[in-house]
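Engineer: Got a predicted structure here, sequence first:
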Amino acid sequence: MSSTFFIKKSGNSSFPKRGPNLATSKRKSDEDLGSNSKGRAKKPNSRLNEEISSDSETESTAAQHEREEEELDETPQEKKLRLAKSYLDQLREEEEKKAEQESFETELVAGRLQDDLLEQKGKLQRCIAKDLLPPDASEIRLLRGHKLPVTCLAISPDEKYIFSASKDCSIIKWDVETGKKLHTIAGGRKGTEARHVGHTTQVLCMAISSDGKYLATGDMNRSIIIWEPETCKLLYKLKGHRGPVSALSFRTGSHDLYSASHDRSVKVWNVDENAYVETLFGHQDAITGLDCLSRERCVTAGGRDNTVRVWKITEESQLVFHGHGGSIDCIRLINEEHMITGSDDGSVSVWSVNKKKPLSTVKMAHGSFGAVGLEQPHWVASVAALQNSDTVASGSHNSQIQVWACGQGFRSLQPLFSVPVTGFINGLEFSTSGNFLVAGVGQEHRLGRWWRQKEAKNGIYIIPLKRRGAQQEEPHAKK
């Protein structure tokens, strides 16, 4: 039997060596790797971000491929079903958004209708008097342009313009922001009515429609002139009264015009048609004031017959109220159910159309003058009301405009603050927003020349009304 022997040679071998050379090479590679890792360790976040971005891109791409594969694999019926579901989801989202918008609009309309209903009932009362602050004397602006005492004024519905008239027979249109005269309709001499565009006798009253389309002015010569406020162009004249036209008012939301006169009558006009409608009789003396809101009725002050009357036009009836001890020279509606009056007995009264006596009266509202024991009250020549609120104002010739707060149920009048203005306050008007009060001032009373205050300046005063809630926002407000 033969035997075969395998002899290991000391030279090169076909088997790899398992000695220290392999461990050394492995350690070197680890060291190299470690050194490279330390070099890259300075930016671990970027590498991590790169890896995450790469992974997310890979996942996104994979998901996209899966969707494409699914779309390729789905049958036409499955594709139609998928598209239909997507379309229905889109329609559902649009309907939900539309429903939310309609709900919001419905709430707005409901709120507005509720306010309108309360306003019609005379129960809408914005309580802002508690927030009003007295204005600084430096903030009150005087606009001068009339040669004789200002007798009446009106503010445009957008509060951009003021119209004023005077005993000098002129009418001026003012810019509220700049205080500049935009247009002047000069007065003419008596006897030139046929050829003069405008008034030739003292203008006693004016009113502007709630949409700003018409401006009406009345004068001592029994004339009512209708103007276009934008251009101050004369449109036409209304004739019919037999005495001076002492008061005018447009019915809110319409072009129905009510006029009152010293001939003791109230007339109703349709300005759109340039037409006379009817005449109302009842007062026993010259009518000195008139006002109306949205209802088909108006209220009047009867001067020395010492009555206030509410005229129900459609019912052809009138309500008669008594309360003042002197001539009732001015009247304004606070809302559809309440009104304020001023008298030459020095008192200011608040009334309800449902009661024949005043709800509240402040006697000697503007103090008195004269020697001791012979004191006479300062006449109340004008009143104003911020509609549907608890804030009213009155003017006299004691160098003060008084702003009042109406109490609960209009059963009291509390003085808020006074504004120093020298002269006869012949006209007062709140802006619709309540941001300012305008006063027409003269050296004489608008209805006569009983006495004269030489130190007074004929013009209009713009009085800003600040509120506590808006005081912090004032630096950011647009002036």
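Structural biologist: That came through fine.
Engineer: helix, strand or coil for L416?
Structural biologist: strand (DSSP: H, G, I helix; E, B strand; the rest coil).
Engineer: What separation do you get for it and Q400?
Structural biologist: Distance of L416 to Q400, computed by Cβ to Cβ, to the nearest Å: 12 Å. For every residue, glycine as well, the C-beta is placed using N, CA and C.
Engineer: is it true that H366 touches S382?
Structural biologist: No: at 11.1 Å, H366 does not count as touching S382 under the criterion of Cβ atoms under 8 Å.
Engineer: who touches both of the two?
Structural biologist: S394 (Cβ atoms under 8 Å, 6 or more residues apart in numbering).
Engineer: So what does Y258 have for phi and psi?
Structural biologist: phi -110, psi 140 (degrees, to the nearest 10).
Engineer: Correct me if wrong: it contacts S265.
Structural biologist: No: taking contacts as Cβ under 8 Å, Y258 lies outside contact range of S265: 11.1 Å.
Engineer: Which one's more surrounded, the two?
Structural biologist: Y258 (26 against 18; other Cβ atoms under 10 Å).
Engineer: dump the residue contacts of the more buried one.
Structural biologist: L248, S249, F250, R251, V266, K267, V268, W269, L290, C292, C298.
Engineer: export these to TSV and tack on pLDDT?
Structural biologist: What follows is those, written out as TSV (pLDDT from 0 to 100):
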residue	pLDDT
L248	98
S249	98
F250	97
R251	97
V266	97
K267	97
V268	97
W269	97
L290	97
C292	96
C298	96
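Engineer: from those, which single one is nearest A186?
Structural biologist: Of all the contacts of Y258, L248 has the smallest distance to A186: 21.0 Å, by Cβ to Cβ.
Engineer: Enumerate the beta-bridge partners assigned to the closest one.
Structural biologist: S259 (DSSP bridges).
Engineer: can you pull the contacts of it?
Structural biologist: Neighbouring residues of L248 by Cβ under 8 Å, 6+ apart: C205, M206, A207, A216, T217, G218, I224, L257, Y258, S259, A260, L290.
Engineer: Next: G423.
Structural biologist: Applying Cβ under 8 Å, 6+ apart, the residues near G423 are P149, H397, S399, V441, G442, Q443, Q453, E455, A456, K457, N458.
Engineer: Give the PyMOL command for selecting the buried subset of the residues you listed.
Structural biologist: Paste this into PyMOL to select the buried members of those, with burial taken from 16 or more other Cβ atoms under 10 Å:
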select buried, resi 149+397+399+441+442+443+453+456+457+458
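Engineer: could the contacts of G423 be laid out in CSV, adding pLDDT and distance to E159?
Structural biologist: As requested, the contacts of G423 are exported to CSV (pLDDT from 0 to 100; distance: Cβ to Cβ, whole Å):
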residue, pLDDT, distance to E159
P149, 96, 25
H397, 92, 28
S399, 91, 27
V441, 97, 20
G442, 95, 24
Q443, 95, 28
Q453, 91, 30
E455, 94, 31
A456, 95, 26
K457, 94, 24
N458, 96, 23
